[in-house]
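1. generate coordinates for the sequence data below:
(one chain, ligands or ions: 2)
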Amino acid sequence: METKISEADLIINQDGSIYHLNLFPEDLASTVITVGDPDRVSEVSKYFDSIELKKGKREFITHTGYLDKKRITVISTGIGTDNIDIVFNELDALVNIDFEKRVVKKELTSLDIIRIGTSGTIQPDIPMDTILASTFGLGLDSLMQYYIHELSGDEHGILDAFKSHFSHIKGITPYLTAASNILLNTIGSDMEHGITITAPGFYAPQGRQVRAKNAIPDFINLLNNFQHSNNRITNLEMETAGIYALAKTLGHKALSVNAILANRVNFEFSKNPGAVVDRAIKMVLEKIIKQK
Ligand SMILES: O=P(O)(O)O[C@H]1O[C@H](CO)[C@@H](O)[C@H]1O
Ligand SMILES: O=c1cc[nH]c(=O)[nH]1
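-> Numbers count the residues shown, from 1 in each chain. Ligands and ions are numbered 1, 2, ... in the order given. Purely as a prediction, here's the structure:
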């Protein structure tokens, strides 16, 4: 017998839309771009040939439209993997749960989900304004402690090596998931590649020192001298690991594309962040319409 999902587990608004995203199943395209900043949604959808839908609630703004006959949804997640938990469970529910019967559909849909976000590099040879696709998301936040989450052989190897590199740091349980290979080799081709660290904050959790003192000394050096086979850590941000891990758990493909705005070893910040983000948006949209 099909298990019915309760009204408290999956909350559907009075009008039939999903709780936080405020969307109906038909509002969502099978190619989804996520951005952190709600204002970045229109920076993406301004390139669409037509926009059929604009909706929003809290920090979750959604536009769906067409570019060159391809239907695309762009949605803002806000900052952090706590928001990724909400957005990814609700995106999945929109395609894979029958809202009337409150059961999982027999035929599951796999979404293509591409993050276009901003990030700081920790490698001196990666110039500012680089567009980088994350090969793996390595989470230092706690989101995946709450989900059963299986690792492949490659993922185990890198994660075990990182855990031993990080073994003197107490109280952090890292997790790691690979990008979708298909999206990495299509959307992510012609981009710099590397492991992305997802931090549970912007300041000390990314090794920044302003007034509050850092508990982990030499954090950036500790990360940038990690190496496993050909894999090195290239950048820091706040969503990728949660996106990769939940996408894999729920059967979706995901890729994170990072506009590098900060170089943490050269202590520099981009002079023109808007232009770098715009270049990342255009690269991703061009690659999406070339797919299939
Ligand atoms: O520019 P977005 O997509 O928000 O991404 C990055 O910028 C925010 C911090 O400034 C974090 O969300 C981080 O992941
Ligand atoms: O250094 C940076 C830049 C953008 N976003 C981050 O999370 N970190």
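
2. pairing partners for the helix or strand harbouring N235, with directions?
-> N235 belongs to strand 231-237 when assigned by DSSP states H and E. In the sheet, strand 231-237 lines up against strand 112-121 (antiparallel), strand 192-198 (parallel), strand 227-228 (antiparallel) (DSSP bridges).

3. turn the ones you listed into TSV, including mean pLDDT, mean neighbour count and distance to ligand 1.
-> Just so you know, the C-beta spots here come from the backbone N, C-alpha and C atoms, and that holds for glycine as well. Below are those laid out as TSV (pLDDT from 0 to 100; neighbours: other CB atoms under 10 Å; distance: least, CB to the nearest ligand atom, whole Å):
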stretch	mean pLDDT	mean neighbour count	distance to ligand 1
strand 112-121	98	25	3
strand 192-198	98	24	8
strand 227-228	96	14	23
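
4. want to throw those strands into CSV with distance to K213?
-> Putting those into CSV (distance: least, CB to CB, whole Å) gives the following:
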stretch, distance to K213
strand 112-121, 20
strand 192-198, 21
strand 227-228, 29
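
5. got these as JSON lines, with distance to ligand 2 columns?
-> Putting those into JSON lines (distance: least, CB to the nearest ligand atom, whole Å) gives the following:
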{"stretch": "strand 112-121", "distance to ligand 2": "2"}
{"stretch": "strand 192-198", "distance to ligand 2": "9"}
{"stretch": "strand 227-228", "distance to ligand 2": "21"}
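
6. picking up where we left off before, chain center to the strand holding N235, what's the gap?
-> Put simply, strand 231-237 sits 14 Å off its chain's centre (CA atoms, centre = their mean, to the nearest Å).

7. circling back to that earlier point, right, and the strands paired with strand 231-237 - which one's nearest T34?
-> Closest approach to T34 among those (CB to CB): strand 112-121, 4.8 Å.

8. I figured A161 was touching H228, is that so?
-> Yes: using CB atoms under 8 Å, A161 and H228 qualify as a contacting pair, with a distance of 4.1 Å.

9. pull up the overlap in contacts between these two.
-> Residues touching both A161 and H228 (CB atoms under 8 Å, 6 or more residues apart in numbering): there are none.

10. quick check: pLDDT value at whichever residue of the chain sits closest to ligand 1.
-> Per CB to the nearest ligand atom, the residue of the chain with the smallest distance to ligand 1 is G36, at 1.9 Å. The predicted local distance difference test score for G36 is 98.

11. same thing with I216?
-> The per-residue pLDDT reported for I216 equals 94.

12. report the secondary structure element holding the closest residue to F48 other than its chain neighbours.
-> Leaving aside its chain neighbours, F48 sits nearest to G65 (3.7 Å; criterion: CB to CB, 6 or more residues apart in numbering). Using DSSP H and E, G65 falls within strand 60-67.

13. next structured bit after that strand?
-> Past strand 60-67, heading to the C-terminal end, the next element that is a helix or strand (DSSP H and E) is strand 70-76.
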